[in-house]
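# model this:
(2 chains)
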Amino acid sequence: EDQVTQSPEALRLQEGESSSLNCSYTVSGLRGLFWYRQDPGKGPEFLFTLYSAGEEKEKERLKATLTKKESFLHITAPKPEDSATYLCAVQGSNDYKLSFGAGTTVTVRA
Amino acid sequence: SQTIHQWPATLVQPVGSPLSLECTVEGTSNPNLYWYRQAAGRGLQLLFYSVGIGQISSEVPQNLSASRPQDRQFILSSKKLLLSDSGFYLCAWSVRWDTGDGYTFGSGTRLTVV
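Model (predicted):
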């Protein structure tokens, strides 16, 4: 069964203080690894899909990278509006579903 | 463009009462549809998925059921709610499950069973 572990559970940053979130996974053949952002009381919002080791994607202050065992979400010079819970999910090559981690809650203080 | 609607946003129901949550998708045909539940501090748990009208697969044995009476409508139901049914329920859709495109989620329903 696919497993996804995210760390840390919570991250408190000062505005401008760059950091990284980790997503470790085990899956039988990776179809895709997904990052979502979730604001309190809202549904997850899609950020990135990574398909193979070595792939990187960027969006504003966020950059996602992928290896064979883990993915990192780098937040560069964060702003308070980057505060949210970031969810990682994987889909195996023979799976119909996405398996999610518990998320990392990021709080950025001005 | 495609949009997904989910309602109600919040719901407080007594134990033993029935439940009906509705989800509709616009702007696409024959979507794959999913119901997830999110508990505090835990990952999203897949409850049901559907690849077509009347086709429902259950992931977890529980007090809930799902139906898909129309192509773009997905309903989550219960005949008698339990306290343990409280949580944040999310509907999602995808074009197909095997393209690696991920899901698009609705805005969620916060269910509190009292």
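# Can you give me every residue that contacts residue 13?
You didn't pick a chain, so chain A it is. Taking C-beta atoms under 8 Å, 6 or more residues apart in numbering or on different chains, we find A:Leu13 in contact with A:19, A:75, A:78, A:106-109. For glycine as for every other residue, the C-beta is placed from the backbone atoms N, C-alpha and C.
# meant chain B actually
B:19, B:81, B:111-114.
# do the same with A:Arg37
Contacts of A:Arg37 (C-beta under 8 Å, 6+ apart): A:44-45, A:47, A:84-87.
# Which helix or which strand is home to it?
strand A:30-38 (DSSP states H and E).
# Skip ahead from that strand and say which helix or strand is next.
Once the chain leaves strand A:30-38, the next helix or strand it forms, by DSSP H and E, is strand A:45-50.
# May I have the strands that pair with that following strand, each with its orientation?
strand A:30-38 (antiparallel) (DSSP bridges).
# Output the strand it pairs with in PDB with nothing but the alpha carbons.
C-alpha atoms of strand A:30-38 as PDB (Å, rounded to 0.1, in the frame of the first residue of the first chain):
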ATOM      1  CA  LEU A  30       5.100   6.300  -9.400                       C
ATOM      2  CA  ARG A  31       2.400   7.700 -11.700                       C
ATOM      3  CA  GLY A  32       2.600  11.100 -10.100                       C
ATOM      4  CA  LEU A  33       3.500  13.100  -7.000                       C
ATOM      5  CA  PHE A  34       1.200  16.000  -6.200                       C
ATOM      6  CA  TRP A  35       1.500  19.100  -4.000                       C
ATOM      7  CA  TYR A  36      -1.600  20.900  -2.800                       C
ATOM      8  CA  ARG A  37      -2.100  24.000  -0.700                       C
ATOM      9  CA  GLN A  38      -5.100  24.000   1.800                       C
END
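# what's the closest residue to B:Gly106 other than its chain neighbours in contact with, if anything?
Excluding the flanking residues, the one nearest B:Gly106 by C-beta to C-beta, 6 or more residues apart in numbering or on different chains is B:Gln6, at 3.3 Å. By C-beta under 8 Å, 6+ apart, the contact list for B:Gln6 reads A:43, B:21-23, B:90-91, B:106-109.
# let's go with 6 Å and repeat that
Taking C-beta atoms under 6 Å, 6 or more residues apart in numbering or on different chains as the criterion, B:Gln6 is in contact with B:23, B:91, B:106-107.
# related to what we said a few turns ago, could you list which of the contacts of B:Gln13 belong to strands?
B:19, B:111-113 (DSSP state E).
# Neighbour count and distance to chain A for these - can I get that in a markdown table?
Rendered in a markdown table, the data for the ones in strands among the contacts of B:Gln13 read as follows (neighbours: other C-beta atoms under 10 Å in any protein chain shown; distance: C-beta to the nearest C-beta, whole Å):
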| residue | neighbour count | distance to chain A |
| --- | --- | --- |
| B:Leu19 | 21 | 19 |
| B:Leu111 | 21 | 13 |
| B:Thr112 | 12 | 13 |
| B:Val113 | 19 | 18 |
